[in-house]
Structure formats: structure tokens, C-alpha cells
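**Q** Dropping the sequence and predicted coords here.
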2 protein chains.
Amino acid sequence: VRSSRNNKVKKSSTMIKAAMIEEEVALDEAPLTLLRPGGEGDANEMRAKFEKMVRQAQNDICKAVEELDGGKFHEDAWERPGGGGGISRVLQGGKVFEKAGINVSVVYGQMPPEAYRAATGGQGAGTETIPFFAAGISSVMHPINPMAPTVHFNYRYFETDSPRDDPGAPRAWWFGGGTDLTPSYIFHEDVAHFHGTLKGACDKHDPEYYPRFKQWADDYFMIKHRGERRGVGGVFFDDMNDRPKEELLAFATDMAQAVVPAYIPLVDKHKDDSFTQEEKEWQQMRRGRYVEFNLVYDRGTTFGLKTGGRIESILMSLPLTARWQYDMHPKEGSREADALDAFMNPRTWLA
Amino acid sequence: VRSSRNNKVKKSSTMIKAAMIEEEVALDEAPLTLLRPGGEGDANEMRAKFEKMVRQAQNDICKAVEELDGGKFHEDAWERPGGGGGISRVLQGGKVFEKAGINVSVVYGQMPPEAYRAATGGQGAGTETIPFFAAGISSVMHPINPMAPTVHFNYRYFETDSPRDDPGAPRAWWFGGGTDLTPSYIFHEDVAHFHGTLKGACDKHDPEYYPRFKQWADDYFMIKHRGERRGVGGVFFDDMNDRPKEELLAFATDMAQAVVPAYIPLVDKHKDDSFTQEEKEWQQMRRGRYVEFNLVYDRGTTFGLKTGGRIESILMSLPLTARWQYDMHPKEGSREADALDAFMNPRTWLA
């Protein structure tokens, strides 16, 4: 990992940031911790443990991607004067990856009620802003070869503080996350390997996790206006707080550690496959769908855009290149039609 | 204009369409009128006049674009069993235009309250759906050459019916629209010509229109999370109902007719300019910004996605190709930096 200074402190989003999250300041290198100094008992302890976990995962996964690609991630680190910050690592224009990004961030902010609803997917929060803490890792990796799939994963820990007008009210906290696969072409055995590896990590904690979270991913990664999913899913969960925090941390840790064995072998297998211009264009169109999902529906993205986080880190998930071809329908019986069918009608990948 | 049958009646969006707008059925050719048969007095008369106006504008503008490009628009026409329909014309992969689309549509629908708020940009409408009628023309044209600008225009007439629980309440109606320019590189005299032509059309109706609607465009075409506009604006107005309908129709007609003289000469001038790979990539990145604006903020697009209109027509505005390069900042003093400055700090183009 090369570290380099991002000299330009962006001023462009000041307008909406002012009310939500402070402007970030670039750092020469990643600090030991992104947390605010000073303890706050148990809640604070989980904050520190979760930061440690996601930073370890960032290191491990970046290392595996660099070994596969041969290129190096570029690192940008930043902090906010009042606390919090992030570490973005991007590998762009590599030999295997068109664009791969892995973010770690710690945010102390004020959540507008619509962002609270976007984050929780639910109602509530009235009209008052809610102080919150969020720590997480999120990543999207887009390979060059259209036979190699895109992966996304995100694991996060969230706390809201008490509302100002009710300081004695209990805080809310929850874990969320998921890992999902977006191929342009379907290789059944690859998708089965991906889902099987995630299931293995889930099963260590609860045999009901995989079926429940597989369904949740099929529901969540839906491009509603198209009636199709962005890919073949994986697992997704949110608002988890029905077990002790330590158990949920262990689950999130195992899920983050499953990314490399679930995904890297698939790219390694297909990175040198031959492909046609038409197949590249189909991949580009699926990347356009990815953009539609992320900008219109994805909770993390819409939350980030509304609260004024670091835009280049939030939108790092968007592909280097994408395509919107008017009214393109795959030919019946084609491999593109098979992929579209898998996106419209979720399959059972594991026997 | 070639007419061809769109054989595939899309089923993909049925889920959300059911509640809002009926599924469309492809037609072999555009019908004489897209309106429901049967009169409804004065309101209906404006519906017919407005449809006639936008269909004439579609013909005129398509003709001018075909003459410039040498290619032909492909036409898709459709109707909905309960009334309404549309005519989409797209020229993709032309000699001059990467993608140019001009839609005419007539919609009878049920507006969910959040769509009503997205459409009007305001509050209100509670939790009940609102029956509505909308007719309009909308267009985006993306040239190949990065020195030639993209244009967008949209002119629309809107009516809401009385809520079911208050049949005696007056209907709301309004006109809206605008024409705006999105260059990748700034040629001052080009932008001045564009704004000047729009001002000329405005001034025929009210000398206060241009300054007011120029400001409105600068405010509206804002990518809030970037703190930059998508381009150099033009005019934008909405919710206009403070004059007799005939006067507002005449104004919308003149604005639609100003598109060709405002825009076509600029593309004609630059269509054969030489350019570098870096300049093409800058254009592609600005197209990425265009996608961000349209999917996150544009009223027409977000309204269309929520009400379940014909997706390929709604998203025809998206460019054939776009690019998201991580944390790219133009070099100080470069032409790219000048363009970005114009997007961040709106200029006065007319002396």
C-alpha cells in the first residue's frame, strides 16, 4: 500500500456538510485510531473493537487483491476536527481490476430524520436530528474481464445517542452488513462456491442465518424500477441487536474474513478469459445497472449523500466505466439472457 | 424517422407499476392522439393543444438533428389500455451524436404522495394518491465530440384531478419546463449564444422571465453532494399557473421552438474538432456527473421511477457511456479547471 497525501481539502460540499458532518482534513498517514479520545464505558469498548476488526480486514483483503493484481492500492486518510475519519484505499487501472476500493470509516454526526429513515429503512425519528456514531468497512471491486464478477461487501456498527430532548432515553445500536456478487455472466459453480463460502461462515453462528440473509440480499439488491436485481446476491442483514454485542462482533468478523476465500478464486479463474467487444459492452451495461442501484436505492450511498460524508469515498463504489444502451434486450437463449433471468428470478445456488 | 415495432412488452416493472401507471403496450405506429377519447371541457382542450404542440416540436427537432447527424431516429410508440401513451425517438451511435433521445408522453396516473412531492418539489398531499394527467416533451442529446455540448430540454403540462374524498375541490394545473446546456469545455461565445437565444424567446413574453428562470436553472441543476452544477444552465421554471393557460402555452411553444437555433449551431461548429484521449475521458467523467444528477435529483426522473413509467424512455437521458475516476481534480489553470469553475460558480453569460 502506497500512502500519499491528498493535498486538496475539498470545499465543494460545504453547503450541505455544515449541518451534518464536519469537513474532513487530509492526513499524511492513517492514524492509530479514528475514534475520539476518552471513554464512554461499554459502548465505547465496542467502538474500539469494531474499528480494530475492520482495519484488520482492510489490510488482509487489500493484501490478497494486490497479490492477485500486481498493482498497489493508493491510500487517502482523513479526520474531522471533532472526531472520526477514514481510510480509503483504491486500486484503479490495475492489470486485473478496473477499479477496486476498500474504505474504513468512523463517523460522528448528526443524522437528519430522512437519513435516519434511509439508514434504518423504517419510519420514526420525527423532525429532530439524531446524533450518531458509525464505524464500518465497505468495498466494491470491479475486475476488467467481463467473465470475472464484481463483489461488494460492507460491515458496520451503528449507535445513536439519546435525543436532546430526552437525555435519559436508551441509545439504539445495531450491526449490519453483507457480501454480494455481481457477475455479468453466470458460471453456476462459481456462484455456488461464493454462496457456499458465505454459508460456511454463517453456519458457525446460526444455521438459520444463511437462508434468512440470502433471502434478505435477494430482496435488498433489487433495482425496483427494472424489476431485476443487480446481481446474484449473497447475504445481507441489518438492524441486528438481538444477541450480545460480542457474538455479533464475532459474526461480522467471520463474514469479513470470508470475503477473500469466497471471491478471490473466482477472479483468479477468469481474469485471463478471452472475450468479445459485445461481451465487454454487456458488462458495461450491467455496470450501468450497478450505478442505478447504488444512486437510487443503496442505503449506505443515499445515507452518505444526505449526511455529507467524503463524496469520493462514498462514490468509490461506482465503476470506472458504465454504459446505457437504449432498450437493449438479450437474445433468447443467449448467455446474457441467462444472466438476466438469474437477476430477475433468484436461484437456489446450494443443493 | 424509421418506425419499428417494439415486440417486447416489458414485464419487469409490473410490481410497482400495478399501483401507479398501467403496463404499456407497444404500437406499430404512433397514433393520431395519445389522449383518452371524450371531452372534459376547457381542461381537455388544453390537453389537446399541448399534445399537438409537443408533437410538432418533436418532429421539428428530430428533423434538424437528423440533418446534422446524417443518421435516423428509431421510433417506439406505445399506449396504455386506460389511456395515455408515448412516442420515444432515439438516435444511438450516430456520426455526430453518441445518443440523442426525444420523448413525447401523455400519462394518466395515480400519483403516490411522495411522487407528488417529488414532482412539485413541495409538501402536501398527505397519504392519499392523487389522480393526475401529464403531457410533455423531454429530450437529452449527447454528442460524440467532447468539444460539442450536451443539451436537455423538457416542456410539460400537468393537471391533478380532485381527491376522491373531495370531488368538488378545484383541480390544480401548471406548466413547467426548461432548456439547459452541459458542455465539457467552455467556449464563452457558444454559451452566450445559447443563453441569448433563450433570452430572446423569453423576452417576447416577459422581460423578467430570463433573469428569473436563469437563476432557477442555476439553483435547480445542482448536484448537491458535489457542490457543483451539471453544466452551465439555461432556463428552468415550474408550477407556472399565474397567467391564462393560452399565454403559458404560447410561452412553452416559443421555448420549444428555440431549442434548434440555440443548440444545433454549437454542435455543428464543434462536431469535427480534434481532441485527445484525456479530453474524451473528461467528457466521460462529466457524463458520470450527469448520471448522478439525473438519478439522485432530477424531478422528472425520480417522478418517473416512482410512478412506474416506461423505464427505457425515462432513462433515455442517461449517456451511452460514463466514467467515475477516483478523486480526479483538474490541474490549476487547465481548461477542465475552467469548466469546473463555471459549474461551481455560475457566470453571467450575457452582457
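**A** Received, thanks.

**Q** If you count neighbours, what's buried in the one helix or strand A:Ala135 maps to?
**A** Assigned by DSSP states H and E, A:Ala135 belongs to strand A:130-143. Neighbour-count burial for strand A:130-143, counted by 16 or more other Cβ atoms under 10 Å in any protein chain shown, picks out A:130, A:132-143. All C-beta spots, glycine's among them, are computed from the backbone N, C-alpha and C.

**Q** for stretch A:250-269, same thing?
**A** Buried residues in stretch A:250-269, counted by 16+ other Cβ under 10 Å: A:251-253, A:255-260, A:262-264, A:266-267.

**Q** where are the low-confidence patches of chain A?
**A** Across chain A, the ranges flagged by pLDDT under 70 are A:1-20, A:39-44, A:115-127, A:162-170.

**Q** mind listing the helices for it?
**A** Assigned by DSSP state H, chain A shows helices spanning A:14-20, A:42-69, A:113-120, A:188-203, A:209-220, A:245-257, A:259-270, A:277-296, A:299-307, A:311-314, A:335-344.

**Q** what's the closest of those helices to A:Asp180?
**A** Smallest distance to A:Asp180 across those (Cβ to Cβ): 5.5 Å, for helix A:209-220.

**Q** Just the closest residue of the stretch 151-300 of chain A to chain B, please.
**A** Nearest to chain B, among the residues of the stretch 151-300 of chain A, is A:Gly227, at 3.3 Å (Cβ to the nearest Cβ).

**Q** I figured that residue hits A:Met344, correct?
**A** Yes - judged on Cβ atoms under 8 Å, A:Gly227 makes contact with A:Met344 at a distance of 6.5 Å.

**Q** higher neighbour count, those two?
**A** A:Gly227 (19 against 13; other Cβ atoms under 10 Å in any protein chain shown).

**Q** Please tell me how far the more buried one sits from A:Asn345.
**A** Distance of A:Gly227 to A:Asn345, given as Cβ to Cβ, to the nearest Å: 10 Å.

**Q** is it possible to export the buried residues of stretch A:250-269 to TSV including distance to chain B?
**A** Converted to TSV, these look like this (distance: Cβ to the nearest Cβ, whole Å):
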residue	distance to chain B
A:Phe251	31
A:Ala252	26
A:Thr253	28
A:Met255	26
A:Ala256	22
A:Gln257	26
A:Ala258	26
A:Val259	20
A:Val260	22
A:Ala262	25
A:Tyr263	20
A:Ile264	21
A:Leu266	23
A:Val267	20
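
**Q** and of these, the nearest to A:Leu91?
**A** Using Cβ to Cβ, A:Val267 is the member of these that lies nearest A:Leu91, at 12.5 Å.

**Q** For the closest one, give me its contacts.
**A** A:Leu68, A:Val96, A:Phe97, A:Met141, A:Pro143, A:Asn145, A:Ala148, A:Pro149 (Cβ atoms under 8 Å, 6 or more residues apart in numbering or on different chains).

**Q** With A:Arg156 instead?
**A** By Cβ under 8 Å, 6+ apart, the contact list for A:Arg156 reads A:Ala134, A:Ala135, A:Gly136, A:Ile137, A:Ser138, A:Phe175, A:Gly176, A:Gly177, A:Gly300.

**Q** Surely A:Glu22 touches A:Pro81?
**A** Yes - assessed by Cβ under 8 Å, A:Glu22 is found in contact with A:Pro81 at 6.0 Å.

**Q** The two: which has the busier surroundings?
**A** A:Glu22 (16 against 10).

**Q** Now that one: closest residue in space that isn't a chain neighbour?
**A** A:Arg80 (4.3 Å; Cβ to Cβ, 6 or more residues apart in numbering or on different chains).

**Q** before we move on, back to that, list phi and psi for the residue of the stretch 151-300 of chain A closest to chain B.
**A** Note on A:Gly227: its backbone torsions stand at phi 70, psi 20 [degrees, to the nearest 10].
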